[in-house]
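[1] could you look at this predicted model? Sequence included:
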Amino acid sequence: MTILDAIIQGIVQGLTEFLPVSSSGHLAITQHILGVSGEGNLFFNVMLHIGTLVAVVAFYHKLFWNLIKEFFRMVGDIFTGKFRWREMNYERNLIVMLIIGLIPLFLLFIPIPGTDMKVKDLADVFSASPILIVTAVSLCITSALLFIGIICNKRNSQRVFRHLKGSSADSKGRETYTVFDALCVGLMQVVAALFPGISRSGSTLAVGEMRGINKQKALDYTFVLGTPAIIAAALLEGVDAIKSPEGLQIEWGPTLIGVAVSAVVGYLAIWIFKWFLKTDKMMIFVVYTAVVGVALIVVSVMEIASGNNLFTGAPLGNNLFPVPVG
């Protein structure tokens, strides 16, 4: 991998991790075009996620600090018998709902009958595929989810406006999550983790809007919820990558440059996403993901017919969905 390749992938990761267009999908597309796709690039992908993790922690550092302080206060109240579910403030509610929202991630570790794989291994199968048909269809699903989210947000705003005339756009919708809200968002995060092309930020935001949550609060929740998920994925996949034969041949120079680029670009992407959401310009992402998804379906059909990668000319091989061994 060249430094230019690392910079390009760092920019793609930084932009798409937080914008609702799917970072995993766009990394798959970029690596497909550059001819560096496959499991051998797994460690580099993990490190790019670490870069965007730095970005979200830097952007939300005040919220994270408040949550850490409130967590210890809550633990103290639990042990002294002062904790009251119905009297939780915003930070305490967010902490509890983040914990509940992470519970569905354990579904990823369920064994798949008849194989040596777990559910989470399906993500590796789809990502390692030499064709992009799964990514293409998943991008179309992201487009549909974003569109539904926009409609639900408008309905929530109209409903609240009838009761609170003169309220600002950001005050429309609920600001706190219920247990069912958190579980719905958590399940959507599991689906997004499996399919490259389904945007985690976009799909979980859409689910929050479907449940009547204030769009800005829903976005903050999905970014914070993604933090422990990214850490866990980086630890698990990082260990696997280092243990693999490819892990012994890590190119640290390009890797570190890619991490730095993804962190800087990721910080800017969060700011851009919040601006698009606040100004009701989310339709651009609906159109973008739909167009890219349809275009990739066409490309995938052409590649299957020709048997070659249209960008590099390399043969696709007979195994279009390689199953990981071990």
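    Perfect, thanks for sending it.
[2] can we go C-alpha only for contacts and neighbour counts from here?
    OK.
[3] helices of the stretch 51-200 of the chain, start to end?
    Along the stretch 51-200 of the chain, counting by DSSP state H, counting those that start in this stretch, helices occupy 61-80, 90-102, 121-128, 133-163, 179-194, 200-210.
[4] out of the ones you listed, which gets nearest to Thr115?
    Comparison of those against Thr115 by CA to CA identifies helix 121-128 as nearest, at 10.7 Å.
[5] reformat the helices of the stretch 51-200 of the chain into CSV and put mean pLDDT and distance to Val292 next to each item.
    Output for these, formatted as CSV (pLDDT from 0 to 100; distance: least, CA to CA, whole Å):
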stretch, mean pLDDT, distance to Val292
helix 61-80, 95, 34
helix 90-102, 94, 30
helix 121-128, 84, 17
helix 133-163, 84, 7
helix 179-194, 95, 18
helix 200-210, 95, 16
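[6] including distance to Phe311 and mean neighbour count, could those go into JSON lines?
    Below are the helices of the stretch 51-200 of the chain laid out as JSON lines (distance: least, CA to CA, whole Å; neighbours: other CA atoms under 10 Å):
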{"stretch": "helix 61-80", "distance to Phe311": "41", "mean neighbour count": "13"}
{"stretch": "helix 90-102", "distance to Phe311": "39", "mean neighbour count": "19"}
{"stretch": "helix 121-128", "distance to Phe311": "17", "mean neighbour count": "21"}
{"stretch": "helix 133-163", "distance to Phe311": "15", "mean neighbour count": "20"}
{"stretch": "helix 179-194", "distance to Phe311": "26", "mean neighbour count": "21"}
{"stretch": "helix 200-210", "distance to Phe311": "27", "mean neighbour count": "28"}
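[7] for Gly266, find the nearest of these.
    Nearest of the helices of the stretch 51-200 of the chain (CA to CA): helix 200-210, 12.8 Å.
[8] after that closest one comes which helix or strand?
    Counting by DSSP states H and E, the next helix or strand C-terminal to helix 200-210 is helix 215-243.
[9] just the buried positions in that following helix, please.
    Within helix 215-243, the residues scored as buried using 16 or more other CA atoms under 10 Å are 215-227, 229-230, 233-234, 237-238, 241.
[10] pLDDT (mean, whole number) over the next helix or strand after that helix?
    Next helix or strand after helix 215-243 toward the C-terminus (DSSP H and E): helix 252-278. Per-residue pLDDT values over helix 252-278 give a mean of 93.
[11] which strands and helices sit next to helix 252-278?
    With contacts defined as 3 or more CA pairs under 8 Å, 6 or more residues apart in numbering; DSSP states H and E, the packing partners of helix 252-278 are helix 3-18, helix 42-59, helix 215-243.
[12] in CSV: those, plus mean pLDDT and distance to Met74.
    CSV is the format used below for the helices and strands packed on helix 252-278 (pLDDT from 0 to 100; distance: least, CA to CA, whole Å):
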stretch, mean pLDDT, distance to Met74
helix 3-18, 88, 30
helix 42-59, 86, 22
helix 215-243, 81, 18
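[13] may I see the ones you listed arranged in JSON lines, with distance to Arg84 as well?
    JSON lines is the format used below for the helices and strands packed on helix 252-278 (distance: least, CA to CA, whole Å):
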{"stretch": "helix 3-18", "distance to Arg84": "34"}
{"stretch": "helix 42-59", "distance to Arg84": "29"}
{"stretch": "helix 215-243", "distance to Arg84": "22"}
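[14] measure the residue nearest to the spatial centre of the chain to Thr255 for me?
    By CA atoms, centre = their mean, the chain has its centre lying nearest to Arg200, at 3.0 Å. Distance, Arg200 to Thr255, by CA to CA, to the nearest Å: 24 Å.
[15] alright, I will stop here.
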